[in-house]
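**Q** Pasting a predicted model and its sequence here:
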Amino acid sequence: MSNLTLTKTQMRDGTWQGIVTGADDSKPDLAVTHADADVAGVQLEHDASSDHWVLSIPVPAAAIADGLHTLLVVDRASGATLASITLIGDEVTGPDLRAEVDLLRAELDMLKRAFRRHCVETT
């Protein structure tokens, strides 16, 4: 179970920003993925005046396309999903259901990778 909490603050000029709390002074080990690939250019900076971390995620160009795209923010230490960022690039018909299905697929892929890693480590 992760003690980290991620709260969205804004999305502006193609960059999603949020505040990470619960990490004290140690830098959280976060992974941001889109379509099972790490997102490049993610920044995590400590704000000492407010005692939290500021997470900036540049939205990848591949996520700005037709269809539904989800970016996942995961705490590597615990494996907990801290946030999912959903982008819809076409007609909006049933976006809630599509967002949930896409999120479930992404989480299932993450579980499959973790299970395979576990199998390799225990053999």
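**A** Alright, I've got the coordinates.
**Q** Show me where this structure dips below the pLDDT cut-off.
**A** Of all residues in the chain, those with pLDDT under 70 make up the ranges 1-2, 91-96.
**Q** And the strands in it?
**A** Assigned by DSSP state E, the chain shows strands spanning 5-12, 15-21, 30-34, 37-38, 43-47, 52-58, 68-75, 81-88.
**Q** Pairing partners for the shortest one, with directions?
**A** Strands that pair with strand 37-38, judged by DSSP bridges, come out as strand 30-34 (antiparallel).
**Q** Pull out the buried positions in the partner strand.
**A** Buried positions in strand 30-34, judged by neighbour count with 16 or more other C-beta atoms under 10 Å: 30, 32, 33, 34. For every residue, glycine as well, the C-beta is placed using N, CA and C.
**Q** Residue 75 bridge partners, please.
**A** Judged by DSSP bridges, the bridge partners of residue 75 are residue 30.
**Q** Residue 11 versus that one, what's the distance?
**A** Distance, residue 75 to residue 11, by C-beta to C-beta, to the nearest Å: 21 Å.
**Q** same thing with residue 104?
**A** Residue 104 is 23 Å from residue 11, where distance means C-beta to C-beta.
**Q** Also residue 110?
**A** Relative to residue 11, residue 110 is positioned 23 Å away (criterion: C-beta to C-beta).
**Q** same thing with residue 57?
**A** Taking C-beta to C-beta as the measure, residue 57 falls 9 Å from residue 11.
**Q** Can you work out which residues contact both of the two?
**A** Common contacts of residue 57 and residue 11, defined by C-beta atoms under 8 Å, 6 or more residues apart in numbering, comprise residue 17.
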